[in-house]
Structures are given as C-alpha cells and as structure tokens.
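K.L.:
quick check, what structure comes out for this input:
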Amino acid sequence: MLYSILIYGQEARVAAWTPQQTAQIMGRHTELRRDLVSAGRLGPVLRLDTNQTKTVRHYPDRKYITDGPYAETKEQLLGIYVVDSPTFEDAVAATERLNFKEGVFEISPLMWLDPGVVAPLVPEKELRGRAPWSPA
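P.N.:
Predicted coordinates:
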C-alpha cells in the first residue's frame, strides 16, 4: 500500500540547526531514501519552501490569499515522502529513522488516482532509482 509521510516542524527551528545537526538529520534522510530505493519502495520525496507558501481560502463571496504557511498552526509542512509499505507499522518505522526533536509526522494511506505528467519534467538524474510504480 502507498503511504504519504508528511513532515511537520517549525521552519525557524530548522533554520537554527548547527551544520552538524543538519548533516546528521539529512544523513538519516539519505540512508532511508537509499534503502527504500534499493527495495523499489520509494515514490516522490519533496522539500517544501515554506518561506514562499501562500494560503488560499475560498468563501462564497470572496477569496483570500495570504502569506505564510497553511492554516493556523505553529508547525509548517516541511516535506513529503511517498512510500510503498506492506503495513502501517512499516511506514511508522520510516518516520523513526527521520525523527528530529521538533518533528511531527503524519502518515496517510494514499489512493492512486492519476500518475500525472510532472515526473517527466524532473531532471533525469532525479529519476534514477524510481520505484516501479512511479509515473513513466
């Protein structure tokens, strides 16, 4: 089954990490991605730039577009993994490898609706190691 792993945290705290903290945490990301790729279980992995995020709210008589990440929350959505995991517990195990002090992880089963056309626009080096169910 496909699961999304949404990574939440406070952008200001992440920006304050020391180079050593950043290297340690990003090293865990690299190791997890390498293991998932070798097992053919890694889908898209995205890092979001919350500094450029806009929130759009639609009302019957108007639309509001405001600066800043998402709804009223202290954490921002920092990144997204899509993994093919045999069980929910296996997806939870992936978050244990990514864990950082301020991190909050949200796991959701995904329903495949449409592969879309974005993957062919990603640079070729980014497509190597793609999971078999990834869009062509």
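
K.L.:
from here on, contacts and neighbour counts on C-alpha atoms
P.N.:
Noted.

K.L.:
do a quick rundown of the strands in the protein.
P.N.:
Taking DSSP state E as the criterion, the chain carries its strands at 2-9, 42-47, 54-59, 62-67, 76-84, 104-109.

K.L.:
for the second one, C-alpha coordinates in CSV please.
P.N.:
Output for strand 42-47, consisting of C-alpha atoms alone and laid out as CSV, is shown next (Å, rounded to 0.1, in the frame of the first residue of the first chain):
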residue,chain,number,x,y,z
LEU,A,42,10.3,5.0,-2.8
GLY,A,43,8.0,7.4,-4.5
PRO,A,44,8.4,11.2,-4.7
VAL,A,45,10.2,13.0,-1.9
LEU,A,46,9.7,16.7,-1.7
ARG,A,47,11.1,19.5,0.4
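
K.L.:
quick one: buried residues of it?
P.N.:
If you call a residue buried by 16 or more other Cα atoms under 10 Å, then strand 42-47 has these buried ones: 42-43.

K.L.:
show me what that strand is packed up against.
P.N.:
strand 76-84 (3 or more Cα pairs under 8 Å, 6 or more residues apart in numbering; DSSP states H and E).

K.L.:
on that earlier part again, now render the strands of the chain as JSON lines, adding mean pLDDT and distance to L32.
P.N.:
JSON lines is the format used below for these (pLDDT from 0 to 100; distance: least, Cα to Cα, whole Å):
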{"stretch": "strand 2-9", "mean pLDDT": "86", "distance to L32": "13"}
{"stretch": "strand 42-47", "mean pLDDT": "85", "distance to L32": "9"}
{"stretch": "strand 54-59", "mean pLDDT": "75", "distance to L32": "30"}
{"stretch": "strand 62-67", "mean pLDDT": "78", "distance to L32": "33"}
{"stretch": "strand 76-84", "mean pLDDT": "87", "distance to L32": "11"}
{"stretch": "strand 104-109", "mean pLDDT": "85", "distance to L32": "15"}
